[in-house]
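Enquirer: sequence below, structure please.
(4 chains)
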There are 2 protein chains.
Amino acid sequence: MSAKLEFTQEVQKIAGFSKALSHPVRVYILQKLSKMGSCCYSGDLVEELPVGRSTLSQHLKELKYAGLIQGEINPPYIKYCINRKNWEEAKQLFSSFLNETEIAEASCEVQAISEHQ
Amino acid sequence: MSAKLEFTQEVQKIAGFSKALSHPVRVYILQKLSKMGSCCYSGDLVEELPVGRSTLSQHLKELKYAGLIQGEINPPYIKYCINRKNWEEAKQLFSSFLNETEIAEASCEVQAISEHQ
DNA sequence: AAATCATTTCGTAATTTTGCGAAATATCAA
DNA sequence: TTGATATTTCGCAAAATTACGAAATGATTT
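Expert: Predicted structure coming up:
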């Protein structure tokens, strides 16, 4: 019945980080925070983004859970910024994942199949 | 009431590719296919992966929808391999997204907050 | 003590994702 | 034509995601 392998840590981590990056709101936040070490407040973000405060809060929670951001409590504000350690790890993981490729050109002669839905 | 920006194409594409990468089964498939231009069949994958045939088929469909793989029909098999053009695009997008950072060290003095759930 | 402020948590609803087995499809072999 | 094969599609259920407004939290100011 075959081995039905467990996924490696690497595969699981890539899937986990990708999940955190799988919503435009979260990509936007990370893009903003990763630029030259900037930080920002939930209140700043809600002005720019097409979601309400509570929804934004949930997205921030997801990013914290994934380890990609961290918040410094500074009442009554919370200052968010990138979690550099994990951001570096994500960077490294994606980099090696995406670059395992190369070589071999004409492996599959293409052919678009099906559409979604 | 503030501008409530639209997301850029870049942000949307990153979110879209990330969504495709947000499940271990799909990361595994891509990891396998991206290595030295290899191809494989649904039947090979179902031996290795802890999901049934119909579920695997759905994951392959997601990857096709995202444009990351393509299948060459070769009855009674379908040979799957990476869609190089879009894989390169994803590579480039993630690379510039993840590397916009750098500079600035002590922006936020850390502090782990909350747990998930 | 009461009011204010930024933010999160709660409760709820709509939608999407993930998974399965059964049935359908399409092609080749007997 | 019948049977076998590889894969997908269908129908369904359980769980997760996304979103909202209302209420709660925690700290400061009046």
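Enquirer: next, residue A:67: phi, psi?
Expert: Main-chain dihedrals, residue A:67, degrees, to the nearest 10: phi 90, psi 10.
Enquirer: can you get me a residue count around it?
Expert: The local packing of residue A:67 (other C-beta atoms under 10 Å in any protein chain shown) involves 18 other residues. Where you see a C-beta, it was placed from the backbone N, CA and C, and this is true even at glycine.
Enquirer: pretty sure it contacts residue A:83?
Expert: Yes - Residue A:67 sits in contact with residue A:83 when judged by C-beta atoms under 8 Å, with a separation of 5.6 Å.
Enquirer: am I right that residue A:90 is in contact with residue A:68?
Expert: Yes - with contacts counted by C-beta under 8 Å, residue A:90 reaches residue A:68, the gap being 6.8 Å.
Enquirer: identify the contacts common to those two.
Expert: Taking C-beta atoms under 8 Å, 6 or more residues apart in numbering or on different chains as the contact rule, the neighbours common to residue A:90 and residue A:68 are residue A:17.
Enquirer: looking at chain A, which helix or strand does the model trust least?
Expert: Sorting the helices and strands of chain A by mean pLDDT, DSSP states H and E puts strand A:69-74 at the bottom, at a mean of 93.
Enquirer: report the buried residues of it.
Expert: Buried residues in strand A:69-74, defined by neighbour count with 16 or more other C-beta atoms under 10 Å in any protein chain shown: A:69, A:70, A:71, A:72.
Enquirer: quick one: contacts for residue A:13?
Expert: With contact set as C-beta under 8 Å, 6+ apart, residue A:13 has these partners: A:89, A:93.
Enquirer: ok, and the closest non-adjacent residue to the residue most central in space within chain A?
Expert: Closest to where the C-alpha atoms of chain A average out (C-alpha atoms, centre = their mean) is residue A:21, at 2.9 Å. In space, and not counting its chain neighbours, residue A:21 is closest to residue B:18: 3.7 Å by C-beta to C-beta, 6 or more residues apart in numbering or on different chains.
Enquirer: same deal with residue A:45?
Expert: The shortest distance from residue A:45 to any residue other than its chain neighbours is 5.9 Å, reached at residue A:56 (C-beta to C-beta, 6+ apart).
Enquirer: helix or strand for that neighbour, which one?
Expert: Assigned by DSSP states H and E, residue A:56 falls within helix A:53-65.
Enquirer: swap in residue A:13?
Expert: Element membership of residue A:13, judged by DSSP H and E, is helix A:9-20.
Enquirer: and that helix, C-alpha only, in PDB?
Expert: The C-alpha trace of helix A:9-20 is given here as PDB (Å, rounded to 0.1, in the frame of the first residue of the first chain):
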ATOM      1  CA  GLN A   9       9.900  20.200   7.900                       C
ATOM      2  CA  GLU A  10      10.900  22.200   4.800                       C
ATOM      3  CA  VAL A  11       7.800  21.400   2.900                       C
ATOM      4  CA  GLN A  12       5.600  22.200   5.900                       C
ATOM      5  CA  LYS A  13       7.300  25.500   6.600                       C
ATOM      6  CA  ILE A  14       7.000  26.600   3.000                       C
ATOM      7  CA  ALA A  15       3.300  25.700   3.000                       C
ATOM      8  CA  GLY A  16       2.900  27.600   6.300                       C
ATOM      9  CA  PHE A  17       4.600  30.700   5.200                       C
ATOM     10  CA  SER A  18       2.700  30.600   1.900                       C
ATOM     11  CA  LYS A  19      -0.600  30.300   3.700                       C
ATOM     12  CA  ALA A  20       0.300  33.500   5.500                       C
END
